[in-house]
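> got a predicted structure here, sequence first:
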Amino acid sequence: MRDDDYRQYLEWLQYYSDRYLLKIWAYCLMNNHVHFVAVPGSEESVPRLTEALARLATGGIDLVLTDLGLPDSQGLATFRELRQAAPDLAIIVVTVSDDQEMAVAAVREGAQDFLVKGQISGNLLVRAVRYAIERKRTERH
């Protein structure tokens, strides 16, 4: 993400945080989806890993929030495939599993965060998204 895009993203997140948070929060309550966020202010979801990989190939995505339990992929294999398809993209795992070993493994392999559905607050979610994008931005510079 370019510096201008990043500044625009921060302004957009600040201005639209309530509306944006509701959309992302709705995703966090959905099962079996991969959710894409693009700057500024667009997002979309797909239910299958194959669809997610096809969408990633078209570009224009700044962040991915993914469940690890998709109809066509389960567990860390889901994250690994997304990571392989988009190694420079910030990916946050959002799942029902509170498996700490899986969480540590995902972060070791490059996930920006591992959030457990049902334990996510609005502030935590906004902070996780903001930090994930910032960490990936600094890795690229």
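Perfect, I can see it now.

> every contact and neighbour count from this point should use C-alpha atoms.
OK.

> and stretch 104-118, C-alpha only, in PDB?
The C-alpha trace of stretch 104-118 is given here as PDB (Å, rounded to 0.1, in the frame of the first residue of the first chain):
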ATOM      1  CA  VAL A 104       0.900 -19.600  17.500                       C
ATOM      2  CA  ALA A 105       1.500 -21.600  14.300                       C
ATOM      3  CA  ALA A 106      -0.500 -19.200  12.200                       C
ATOM      4  CA  VAL A 107       1.300 -16.200  13.500                       C
ATOM      5  CA  ARG A 108       4.700 -17.900  13.100                       C
ATOM      6  CA  GLU A 109       3.800 -18.600   9.500                       C
ATOM      7  CA  GLY A 110       2.800 -15.000   8.800                       C
ATOM      8  CA  ALA A 111      -0.700 -14.300  10.000                       C
ATOM      9  CA  GLN A 112      -1.000 -10.800  11.400                       C
ATOM     10  CA  ASP A 113      -3.400 -11.900  14.100                       C
ATOM     11  CA  PHE A 114      -5.500 -14.800  15.300                       C
ATOM     12  CA  LEU A 115      -8.900 -13.700  16.600                       C
ATOM     13  CA  VAL A 116     -11.500 -16.000  18.200                       C
ATOM     14  CA  LYS A 117     -15.100 -15.400  17.200                       C
ATOM     15  CA  GLY A 118     -17.100 -14.600  20.300                       C
END
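
> going by neighbour count, list what's buried in it.
The neighbour-count check on stretch 104-118 (16 or more other Cα atoms under 10 Å) flags 106, 110-117 as buried.

> average pLDDT across it?
Stretch 104-118 carries an average pLDDT of 93.

> circling back to that earlier point, mind putting the buried residues of stretch 104-118 in CSV, secondary structure and distance to Ser45 included?
Below are the buried residues of stretch 104-118 laid out as CSV (DSSP: H, G, I helix; E, B strand; the rest coil; distance: Cα to Cα, whole Å):
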residue, secondary structure, distance to Ser45
Ala106, helix, 21
Gly110, coil, 21
Ala111, coil, 18
Gln112, coil, 19
Asp113, strand, 19
Phe114, strand, 18
Leu115, strand, 17
Val116, strand, 18
Lys117, coil, 17
